[in-house]
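# next comes the sequence, and after it the predicted model I'd like to discuss.
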Amino acid sequence: MHHDVYELRKFYYTRALGRVVQRILRDRLTTLWPPDQAQAMTVAGYGFAAPLLRPYLSHARRVTALMPGPQGAMAWPAGLPNCAALCEETAWPLDTGSVDRLVLLHALETADHPVALLDEALRVLGPGGRMLVMVPNRAGLWARSETTPFGFGRSFTAGQLEAQARAAGFVAERTGAALYIPPSDRRFWLKSAQMWERTGSRISQVLVAGVVLTEFSKQVQAPVGRDSKMRVPSPLDVLGGIAKPIASGQRAGGALRDPG
């Protein structure tokens, strides 16, 4: 089951609960990756990460919001040159190793081919690049609610998310959680959301978050041992190993046969 871009846009930009979610997740992202430290970096998002990427527009070298075909795409950001693109789940229009920071939101849980999706994420990340994945928490209330985008597709535990990303070649750096309020439009929860986020991060063993978020890195192993140069023989060396032809009637010792 895939999201619909129209419903995602309506949730994050017009619904009060969605605007609170946007602020909470964006704050978590910018705390982890401060926008003013993203200068000369390429920042990308896949799924529906656009609501979180706006702070990087004025700092990063390039910002791209990739949206999967079955979901649909929208022009983004509003009032500025478009930075969004519609793409296939396993074929992103980005050069190999060209991305420094990558965000996956509403992506992995609805992917038709999650393993291939992570392979594509690994391809576009450069050495030492970082990826932040946000998925519904299997134990949380948000994964059980069909009134928000987090109630669609697969849900994960932190261990399941880390295992799937490690199998694709990523290294887990840190794991956290977000959305400690229930998926409710009641004014009390919306007004106290930031307080619950601060409290939940301190007593996460008591409060169950709605979203698991884990940062991964792409590590490239350095060569081990002394460098060994490969020697390619020249054509003359190859030909030198071929025995010279022996004239007709010539003995192996080199003397000619006496015809008489």
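Nice, I can see it.

# how close does the nearest residue to residue 194 once chain neighbours are set aside get to residue 85?
Taking Cβ to Cβ, 6 or more residues apart in numbering, and ignoring the residues beside it in sequence, residue 194 has residue 24 as its nearest neighbour in space, at 7.6 Å. The way it works is simple: take the backbone N, C-alpha and C, and place the C-beta from them, glycine included. The span separating residue 24 from residue 85 equals 26 Å under the rule Cβ to Cβ, to the nearest Å.

# so the two - more neighbours on which side?
For residue 24 versus residue 85, neighbours defined as other Cβ atoms under 10 Å are more numerous around residue 24 (20 against 15).

# first-to-last residue distance for stretch 167-180?
End-to-end span of stretch 167-180 (Cα to Cα, to the nearest Å): 29 Å.

# pretty sure the residue nearest to residue 194 is touching residue 176, no?
No - here residue 24 does not reach residue 176: they are 11.9 Å apart, not a contact under Cβ atoms under 8 Å.

# now stretch 200-209, how far from the chain's geometric center?
Put simply, stretch 200-209 sits 26 Å off its chain's centre (Cα atoms, centre = their mean, to the nearest Å).

# how about stretch 91-98?
Once both centres are worked out by Cα atoms, centre = their mean, stretch 91-98 turns out to sit 11 Å from its chain's centre.

# hang on, the earlier thing: surely the residue nearest to residue 194 is in a strand?
No - note on residue 24: no strand contains this position according to DSSP: H, G, I helix; E, B strand; the rest coil, which reports helix.

# run through the residues that contact it.
Under the criterion of Cβ atoms under 8 Å, 6 or more residues apart in numbering, the contact partners of residue 24 comprise 178-179, 193-194, 197.

# gap between residue 97 and residue 126?
When Cβ to Cβ is applied, the distance between residue 97 and residue 126 equals 4 Å.

# in the protein, where is pLDDT below threshold?
When residues are selected by pLDDT under 70, those of the chain lie in 204-206, 221-260.

# neighbours around the nearest residue in space to residue 77 that is not next to it in sequence, how many?
Nearest-residue entry for residue 77: residue 54, 6.0 Å, with adjacent residues in sequence omitted and distances by Cβ to Cβ, 6+ apart. Burial measure for residue 54: 18 neighbouring residues, criterion other Cβ under 10 Å.

# hmm, residue 54 is touching residue 78, no?
No - in terms of Cβ under 8 Å, residue 54 does not count as a neighbour of residue 78; the distance is 9.6 Å.

# all helices in the stretch 1-150 of the chain, in order from the N-terminus.
According to DSSP state H, counting those that start in this stretch, the stretch 1-150 of the chain carries its helices in the segments 5-13, 16-32, 50-53, 114-124.

# same check, this time on the stretch 151-260 of the chain
Secondary structure of the stretch 151-260 of the chain by DSSP H, counting those that start in this stretch: the helices cover 158-167, 187-191, 193-202, 235-240.

# how about these, which one is nearest residue 18?
Residue 18 lies closest to helix 187-191 among the helices of the stretch 151-260 of the chain, at 10.5 Å (Cβ to Cβ).
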